[in-house]
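1. everything below, folded, please.
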Amino acid sequence: MEISVLADSELSAYGRNQIDDVCDQAFGSISGDKDNSFNYQWVLKNDWHVIVKLDGVITSHVGIVERIGTVDGKPVRLGGVGAVATLPNMQKKGLASAAMDMAAGFMQDSLKMDFGLLLCAIETEPFYRRLGWQEVTGPLVFDQPQGKVTFHELTMVLACVKQDWPPGIIDLRGLPW
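-> As a prediction, the model looks like this:
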C-alpha cells in the first residue's frame with residue numbers, strides 16, 4: 001500500500017480519472033446511479049488529494065479544501081475534508097482510515113489548519129468518530145446558487161492547531177466540499 005498527498009496541480013489526467021472512478025463507484029456517478037440526499041452544488045476541485053494506491057491503482061481517496069470560514073463571525077482556518085471514497089470491493093480493509101489519518105496529519109503539520117471540518121450523513125458518523133472527529137452544533141451555512149443555505153445533517157470537526165471548537169454559526173464562506 002502506498003499513501004501520498006498531492007496538490008491538485010500535481011495530478012495527471014490519468015490520476016484524476018482514477019479518482020473520479022473511485023468516487024463514482026463509491027457514491028454513484030453524477031448521473032444519479034445512487035440516491036444522493038445531499039442535493040447541493042459542491043466545490044469542483046480539491047486543493048489537495050490523499051490517495052491510497054494498491055499495485056499502482058488508486059483505490060481510496062480523501063480530498064482537502066483549504067478555506068477560511070467563520071464561526072460566529074470570527075475567521076477560522078478550515079481543512080475541508082470531502083470525497084472520502086474507496087472502491088466498493090476494497091472497503092472495510094482500513095484504506096480510508098489510513099487516508100484519513102494521513103489527511104489529519106497533513107492538515108495539522110503542513111497546512112497548519114485550525115480544524116478539519118467535514119459534512120456527513122448519520123450513517124457515516126461512527127467511522128469518523130473512531131478516527132477522532134467530533135460532532136459540533138452549528139448551525140452551518142454555505143453558499144449555493146440561490147444564496148446561503150443551512151446544512152441539516154452532521155457537521156464534524158477534528159482539532160488540528162486549535163483545541164477548542166468555538167460556539168456559534170458556522171459559515172463555510174463558499175460552496176461545501
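2. so where's the protein uncertain?
-> 29-38 (pLDDT under 70).
3. go with 50
-> 30-35 (pLDDT under 50).
4. and the longest strand for it?
-> strand 57-71 (DSSP state E).
5. partner strands of the next helix or strand after that one and their direction?
-> For strand 57-71, the following helix or strand on the C-terminal side (DSSP states H and E) is strand 74-86. Paired with strand 74-86 in the same sheet, following DSSP bridges, are strand 57-71 (antiparallel), strand 115-120 (parallel).
6. and these as a markdown table, adding mean neighbour count and distance to residue 141?
-> The C-beta positions use only the backbone N, C-alpha and C, and glycine is treated the same way. What follows is those, written out as a markdown table (neighbours: other C-beta atoms under 10 Å; distance: least, C-beta to C-beta, whole Å):
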| stretch | mean neighbour count | distance to residue 141 |
| --- | --- | --- |
| strand 57-71 | 21 | 10 |
| strand 115-120 | 24 | 12 |
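7. before we move on, the earlier item: got the CA coordinates for the longest strand of the chain in CSV?
-> Provided in CSV are the C-alpha atoms of strand 57-71 (Å, rounded to 0.1, in the frame of the first residue of the first chain):
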residue,chain,number,x,y,z
VAL,A,57,-4.0,1.7,-8.9
ILE,A,58,-5.8,4.4,-6.8
THR,A,59,-8.2,2.5,-4.5
SER,A,60,-9.1,5.2,-1.9
HIS,A,61,-9.2,9.0,-1.8
VAL,A,62,-9.7,11.9,0.6
GLY,A,63,-10.0,15.4,-0.8
ILE,A,64,-8.9,18.5,1.2
VAL,A,65,-10.1,22.1,0.5
GLU,A,66,-8.3,25.0,2.2
ARG,A,67,-10.8,27.6,3.4
ILE,A,68,-11.1,30.4,5.8
GLY,A,69,-14.6,30.1,7.2
THR,A,70,-16.1,31.9,10.1
VAL,A,71,-17.6,30.8,13.4
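8. nearest to residue 151, of the strands paired with strand 74-86?
-> Among these, the nearest to residue 151 by C-beta to C-beta is strand 115-120 (6.0 Å).
9. quick check: closest non-adjacent residue to residue 72.
-> residue 168 (2.7 Å; C-beta to C-beta, 6 or more residues apart in numbering).
10. relative to residue 111, how far out is the residue lying farthest from the centre of the chain?
-> Taking C-alpha atoms, centre = their mean, the residue of the chain most remote from its mean C-alpha position is residue 55, at 24.6 Å. Residue 55 sits 29 Å away from residue 111, going by C-beta to C-beta, to the nearest Å.
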